[in-house]
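> Sequence first, predicted model second:
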Amino acid sequence: MHNYIPRLLSTEILEDAKYFPVLVITGPRQSGKTSLCRHLYPDYTYVNLEDITNRAKATNDPTQFLESLGEAAIIDEVQRVPDLMSMIQVRVDENKKLRYVLTGSSNFSLLRTVTQSLAGRAALFTLLPLSFQEFPKDQLSKSINQLMWQGQYPGVIADKVSVNRFYSNYYNTYVERDLRDLLKLRNLLTFDKFVKLLAVRVGSEFNASALAREVGVSSNTISEWLSLLTTSYIAYTLPPYFLNISKRLTKMPKVYFYDTGLLCYLLGIESFEDIGNNPLRGAIFENLAMSELLKSRLNKAKNPNLYFYREKSGIEVDALLMEGGEIKLYEIKAGKTIRPEAYDNINAVKRTLNNILSSTIIFDGESFPPASINIRDI
């Protein structure tokens with residue numbers, strides 16, 4: 001693990017390990033979960049349930065399988081054998097010395113099982129691709145177009161894998177490994193069309209009916225497919241903020257991707273030079289900023305509490321963060337300079353909402369906190 005990059009989430013994991021016998025770390029494939037676990041716990045027995053032999057052992061005789069791992073173990077892709085959870089519950093209740101670190105790349109199936117079987121015994125974390133706060137310094141000197149295009153997966157940043165090769169393999173492996181059993185074979189091409197059309201809508205409100213007409217499937221199917229992307233950490237929805245003024249606000253969520261490198265691949269962008277004149281450059285930058293805000297919360301083991309604000313009149317703010325009962329507002333601008341009108345929407349929302357703690361422009365220029373911040377400094 002000579003290419004290991006220290007992760008901010010390590011502090012939270014080590015702290016919670018003092019109180020919980022089971023640690024559960026979810027996140028996208030290749031976001032660094034295994035490297036993080038093996039770095040923090042090098043003496044733990046390691047086993048990966050993607051390996052069909054290991055999976056067969058765990059399925060056929062879970063008791064014997066867990067006994068063979070000893071008192072401390074890292075179990076990768078544990079959602080492959082969900083019955084292990086109840087067995088782990090029994091074992092940690094009977095033996096207070098036992099320690100397990102479980103990882104998974106399927107959010108829904110893993111968290112549902114943890115909630116049912118390990119409530120009160122497990123601490124949960126989400127590890128996304130690298131944040132800019134974790135980047136090597138030489139990487140941060142790259143242009144914003146380069147940073148958006150290459151994305152933030154450790155394989156690209158630490159291992160120097162070719163950008164196009166990494167994301168092509170990542171996406172194709174995801175479809176073949178995670179979706180082939182869930183979708184009928186004839187739907188794979190239609191699903192691919194859906195994902196690429198969704199990429200074009202990044203940063204926009206998600207309208208299942210409109211997308212269904214374009215893809216040629218039902219709106220229920222579109223919603224189910226979006227759920228698949230969400231549970232496997234490909235894309236996510238950002239809910240609108242509404243409280244007692246909800247009648248004046250939009251109700252549809254926005255769609256973003258967890259990584260702009262994968263987003264650029266889905267948009268057919270083959271080099272960072274191609275981003276400059278791309279009509280979606282601003283949306284890609286917005287996606288990057290939103291992901292950084294999300295990581296800043298998850299890396300502290302906090303709930304995201306992220307929303308967007310939009311009134312039917314057209315007034316909107318890109319991101320709204322609820323923190324301790326107070327609100328932080330963020331406008332996202334892809335340029336290197338800030339025009340005076342960039343604050344117009346923020347000022348309008350300030351006149352509507354109470355408990356505004358701060359308001360900040362995220363852009364690609366020099367930081368002047370709290371009024372403005374460079375995207376690399378989030």
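That came in fine, so what should we check first?

> Next, the distance between the ends of stretch 45-55.
Chord length of stretch 45-55, first to last residue, is 16 Å (CA to CA, to the nearest Å).

> Give the buried residues for that stretch.
Val47, Leu49, Asn54, Arg55 (16 or more other CB atoms under 10 Å). Quick note: C-beta positions are derived from backbone N, CA and C, even for glycine.

> now do stretch 53-65
So for stretch 53-65, counting by 16+ other CB under 10 Å, buried means Asn54, Arg55, Lys57, Ala58, Pro62, Phe65.

> Just the residues contacting that stretch, thanks.
Residues from elsewhere that reach stretch 53-65 (CB atoms under 8 Å, 6 or more residues apart in numbering): Val47, Asn48, Leu49, Ser68, Arg80, Val81, Asp83, Leu84, Met87.

> Can you give me the distance of the first one to Asp76?
To Asp76, Val47 is 7 Å away according to CB to CB, to the nearest Å.

> Tell me where the stretch 101-250 of the chain has strands.
Using DSSP state E, counting those that start in this stretch, the strands of the stretch 101-250 of the chain run over 122-126, 235-238.

> Direction included, what does the first one pair against?
In this case it means strand 122-126. When pairing is defined by DSSP bridges, strand 122-126 lines up against strand 22-26 (parallel).

> So for the strand it pairs with, mean pLDDT?
Averaging pLDDT along strand 22-26 gives 95.

> possible to save the buried residues of stretch 53-65 as JSON lines with pLDDT, secondary structure and distance to Ile269?
Supplementary listing: the buried residues of stretch 53-65 in JSON lines, determined by pLDDT from 0 to 100; DSSP: H, G, I helix; E, B strand; the rest coil; distance: CB to CB, whole Å:
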{"residue": "Asn54", "pLDDT": "97", "secondary structure": "helix", "distance to Ile269": "38"}
{"residue": "Arg55", "pLDDT": "96", "secondary structure": "helix", "distance to Ile269": "37"}
{"residue": "Lys57", "pLDDT": "97", "secondary structure": "helix", "distance to Ile269": "43"}
{"residue": "Ala58", "pLDDT": "96", "secondary structure": "helix", "distance to Ile269": "41"}
{"residue": "Pro62", "pLDDT": "94", "secondary structure": "helix", "distance to Ile269": "45"}
{"residue": "Phe65", "pLDDT": "97", "secondary structure": "helix", "distance to Ile269": "44"}
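
> where's Asn354 relative to Thr250, distance?
20 Å.

> what about the two, which has more around it?
Ranked by neighbour count (other CB atoms under 10 Å), Asn354 and Thr250 place Thr250 first, with 17 against 8.

> Where does the prediction get shaky in this protein?
1-2, 107-115, 181, 184-186, 243-248 (pLDDT under 70).

> per the record, what domains does it have?
9-126, 132-377 (automatic domain parsing).

> Dump those domains into a markdown table; add distance to Asn3 as well.
Below are the domains of the chain laid out as a markdown table (distance: least, CB to CB, whole Å):
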| stretch | distance to Asn3 |
| --- | --- |
| domain 9-126 | 8 |
| domain 132-377 | 4 |
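
> for this protein, what's the longest helix?
helix 281-298 (DSSP state H).

> Now do stretch 327-338: distance from first to last residue.
Taking CA to CA, stretch 327-338 runs 22 Å from one end to the other.

> Report the buried residues of it.
Ile327, Lys328, Leu329, Tyr330, Glu331, Ile332, Lys333, Ala334, Ile338.

> For the first one, which three-state class applies?
Read that as Ile327. Using DSSP: H, G, I helix; E, B strand; the rest coil, the structure places Ile327 in strand.

> before we move on, back to that, and the buried residues of stretch 53-65, which is closest to Asp274?
Nearest to Asp274 among the buried residues of stretch 53-65, counting by CB to CB, is Arg55 at 41.3 Å.

> distance of the closest one from Val22?
Applying CB to CB, the value for Arg55 to Val22 is 20 Å.

> cool, and Arg99?
Per CB to CB, Arg99 is found 8 Å from Val22.

> Who has more neighbours out of those two?
The neighbour comparison of Arg99 against Val22 (other CB under 10 Å) goes to Val22, with 23 against 18.
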